[in-house]
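1. coords please:
(2 chains)
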Amino acid sequence: MADDILSIENLRVHFDTLDGPVEALHSVDLSVGNGEIMGLVGESGCGKSVTSLVTIGLATCDVDEGSVKYQGTELLHRDPVHIQRNINISSTITALSVLAAVVTSIWILIEPIQGVTMVATLSLVGGLSWLFGFFQKSGSRKHMNFMRWIRGNEISMIFQEPMTALNPLYTIEKQVSEVMKEHDRLVAPEVSNLRRAGQALTTPVRLIFESLFTRTLPSLSILLTLTFVTMAHRTGFAGDLKIYSFGLILLIPLFEFLASRILNSEAENEYNQISHQEIAKMEGLEIGAPQLIHPAYFFLSSMPLAVAASLIIFLMLWMPFSALMGMLVICTLLALPAIMLQDYLRLDPAHRRQVVEILEEVQIPNPTAVVKMYPHELSGGMRQRVMIAMMMACEPKLLIADEPTTALDVTIQAQILKLMRNLRDEKGTAILLITHDLGVIAELCDAVTVMYAGSVVETGSLEQVLSRPRMPYSIGLLHSIPRITTGSAERETLPIIPGQVPDPNQHFDGCRFHPRCPFANEKCISTPPPMVEIEPGHFAACHHTDRTTVVSDVQDAFDEFALGYDGGSQSKEPQEPLLTFPLIDPIRVIIEGIKKV
Amino acid sequence: MIEDNSTGEILIEVDGMRKWFPIKAGMLSTVKSHVRAVDGVDLRIRRGETLGIVGESGCGKTTLGRVLLGLIPITSGSVRYEGEDIRSMSMSDLRRRMQIVFQDPGGSMNPRMSVRSIVGEPLLVNGIADGAELTQRVAELLDSVGLKKDHMNRFPHEFSGGQKQRIALARALSLDPEFILLDEPTSALDVSVQAQVLNLLSEIQNKHGLTFVFITHALNVVNHISDRVAVMYLGKIVEIASTRDLFDNPSHPYTHALLSAIPEPSLEESSRERIVLSGDVPSPANPPSGCRFHTRCPIAEAGRCDTEEPQLQDVGEDHRVACHFPLGKGQRLPVIHEDESVDEAPKVNLL
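-> Modelled structure (predicted):
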């Protein structure tokens, strides 16, 4: 349709594996209207995520046929057949000549001139064929750049697991700001680059002063030590005193031990009604094992620090200039540049304010503190909200949400769903929501598409699919969810769909659901069911739509079918050995690998 | 302490159970504070019932289950199995009576062991069966969970998630226990497979007369399978009642919010009002004073809820709730809108 923001037609893709191609999607037809929330539902392994990844061009599979159109623009790129053939030939020649060059390089040992000539010729052949392939690929490279622009600016994606989607090594502000930078949405920086460099150069001095005020005790002890060493040299006692510096190996742990005793009793948090001593007593009474920490433990654990400190002081007393030079070298070569660089690369205040504003939009409490945190410091709901904030900030017209709430608790899930609904209502963003939870679908979506084993089996408006499902799988899926029943007596057993989702390797001529379907007959086994329009906008892929009008009848049929179902026939058979020719296969793997590079 | 006045023989008694995990910090690894995973739980588990424990992640459900089984030592309080403290029982005796099915069926099995050795290991370790007898017993067990005899020589990776969970159940059943702890047995499974496993669980319970504790975060599953339900929040039980009572007349505001937050896959109910709680669950290392829910509670009253900790009190037959202002039958929580204004319509009749 013309007004659809995204329309996928007859998409068929496969993954190349060592056991041959595995067809992941068979025939996927899907369309998302402007400002519509489309739910894509199905069990794991049915191809929901592959569909979304193919759409934004991140999938690692090969598209056999079909088209994905975003506002009328084709998102899939397939080279014409002759170019594909050329690329294939050139990459094979490159791979073979590299392999041959490596092998013939042995010849150099026997006949140097002949060997070098052969290697040079083979390298030349390889290089030329690579160059040929490079030019042949220019079309797909152009498309890749185009997709890079589409992603983020036009279509954004929220991934399932927010912890793996965020980088654990960078703070939230860095990551959000990076997205802004990639999509040219950064506000003008407040501090110019020159001023920033000047600031960075003076940072070490500032840091020393700051540490004197904020961490007084350690800074003072270092200063005292230095004064002591200088005085010792001035008075000439350094040589006699140096051996006593090893006494610190005992003194430092003792000091730590005493300090921890004092600090522990002071730092009693206000909510703690029971102190740690009481807990220890309690544990001692209950389990009979005293939990007090042995003083020897303190001595052992602070030993590395104590040994290092005493060695340094010993060195400073013994040969002051060497020690000084050593410290200077370490500071100027390693520490100072690192500090300055870190300061130079710090986020601009204006950019930070921009990130705070972005986070405020998704109602993250206390965003000024959150921006400086790392992903692990946030809870699952907060992380997911940061992900949504990043995606929303680019104002995409289509948002693909791949199981956005699966890892979250129900109360947090309710917050996230509300957020996504607001996004649609306020900015008119169309959403493709991928989930296996029909409850979430009912909550949020306008239209639903049900997938089973790589193909779409039913599609229609929310009301059509949820109230009047016609494909037996959709009916079974809807009814196998335990409902919260209030009042009356409950049903003893849950209605089930017998059997399991078929292996993607398995080949079917007809309907892929037929082994689990109570209505299956010869026709279902031999011919794939077409999408039948049952009512305007409501399609179902089934040969028996005339028999599925009454939901309870289908349910009874399922129950009856489940009783006689032979569970064993569906279980996986032991697989055939993967490598039939153990000698040839590794070579194939190597050539494939070189071709990929 | 709970005085249990309802019928049914008590199998497991839990009194004042606390499990605090120390937080170590600094170079000296000194104990700075504790994560109060479970903080004072009293529970009675009756013979032959299914007790569902629900709560959000981090509320201490799993820790409660593990302490119940003696998998991790208890900090304070006691767990008594048929009147005997589990710390004084021998491990082998304990394991013959109490078994567990873990959340991740793949992760709880050794990938190098065949199904025969996985299911048969408890029998072998306890010296119950050996050789051909073991094979015979394993075949029976597999049959009872709906698997076939020839699955015995396969390895875990050859099975689907639902089948793996069946194997885990067969392993738990192998010693013929009286009590099985099910720690989120279906949350890793697909909907249609979940239904199969839930049906199997009910069937096995009826056949063997087992007592189940079913830990989950899915309220619809708990509603289907449990006789009684305990709702946990930040290491404490906030409400415990029979399933029917809890779902019909929830008393604690948290239970209300939890029930209203579940998305139901039907259209009729999707129009009902949702109570969207603000904020996240506070950290169990530093729980709020007084009632732990008061930071997110729409009816919390300053001066009482944030200072005084509510105890479990009876509000109906076999229905206990830890709240200063339990909601009565048919009462609703006030709906809080985005602009923090409170709907005036529902007048909550506070005690």
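2. switch to C-alpha atoms for all contacts and neighbour counts from now on
-> OK.
3. in the helix or strand where B:V14 lies, what's buried?
-> When elements are defined using DSSP states H and E, B:V14 is found to belong to strand B:10-25. Neighbour counts over strand B:10-25 (16 or more other CA atoms under 10 Å in any protein chain shown) mark B:I10, B:L11, B:I12, B:E13, B:V14, B:D15, B:G16, B:M17, B:R18, B:K19, B:W20 as buried.
4. Please name the residues that touch the closest residue in space to A:T405 that isn't next to it in sequence.
-> Nearest non-adjacent residue to A:T405, counting by CA to CA, 6 or more residues apart in numbering or on different chains: A:Q413, 5.6 Å away. When the contact criterion is CA atoms under 8 Å, 6 or more residues apart in numbering or on different chains, the partners of A:Q413 are A:G381, A:T405, B:A261.
5. By neighbour count, which of these wins?
-> Among those, the one with the most neighbours (other CA atoms under 10 Å in any protein chain shown) is A:T405, at 26 neighbours.
6. Show the pLDDT at it.
-> On pLDDT, A:T405 comes in at 82.
7. Same check on A:L579?
-> Note for A:L579: predicted pLDDT of 45.
8. just A:G476 next, same as before
-> 87.
9. Then A:R491?
-> A:R491 is assigned 49 on the pLDDT scale.
10. Compute the number of surrounding residues for residue 332.
-> You didn't pick a chain, so chain A it is. Counted with other CA under 10 Å, the neighbours of A:T332 add up to 11.
11. my bad, the chain I had in mind was chain B
-> Burial of B:R332, expressed as a neighbour count using other CA under 10 Å, amounts to 18.
12. check which helix or strand covers it.
-> According to DSSP H and E, B:R332 maps onto no helix or strand at all.
13. Could you do B:G65 as well?
-> Of the helices and strands defined by DSSP H and E, B:G65 is found in helix B:61-68.
14. Which residues does that helix contact?
-> For helix B:61-68, the external contacting residues (CA under 8 Å, 6+ apart) are B:19, B:37-38, B:53-55, B:72-74, B:79, B:181, B:183, B:215, B:232, B:235.
15. So the residue of chain A found nearest chain B: helix, strand or coil?
-> Distances between chain A and chain B by CA to the nearest CA are smallest at A:G439, namely 4.0 Å. Following DSSP: H, G, I helix; E, B strand; the rest coil, the label given to A:G439 is helix.
16. which element is B:M113 on?
-> Using DSSP H and E, no helix or strand contains B:M113.
17. I figured it was touching B:F155, is that so?
-> Yes - between B:M113 and B:F155 there is a contact at 6.4 Å, judged by CA atoms under 8 Å.
18. quick one, which of these two is more surrounded?
-> Set side by side, B:M113 and B:F155 show more neighbours around B:F155, with 19 against 15, by other CA under 10 Å.
19. quick one: contacts for that one?
-> Contacts for B:F155 were tallied using CA under 8 Å, 6+ apart; they are B:P111, B:R112, B:M113, B:S114, B:V115.
20. out of these, which touch chain A?
-> Restricting the contacts of B:F155 to those touching chain A (CA under 8 Å from any CA of the partner chain) yields no residues.
21. Between the residues you listed, identify the one with the most neighbours.
-> Each of the contacts of B:F155 was scored by neighbours using other CA under 10 Å; the highest score is B:V115's, at 26 neighbours.
22. Could you report the neighbour count for the closest residue to that residue other than its chain neighbours?
-> Leaving out its chain neighbours, the residue that sits closest to B:V115 by CA to CA, 6+ apart is B:M152, at 5.0 Å. Counted with other CA under 10 Å, the neighbours of B:M152 add up to 19.
23. In contact with B:M152: list those residues for me.
-> Applying CA under 8 Å, 6+ apart, we find B:M152 in contact with B:S114, B:V115, B:R116, B:V138, B:A139.
24. Isn't the second one up against B:R154?
-> Yes - look at B:V115 against B:R154 with CA under 8 Å: they come within range, at 5.9 Å.
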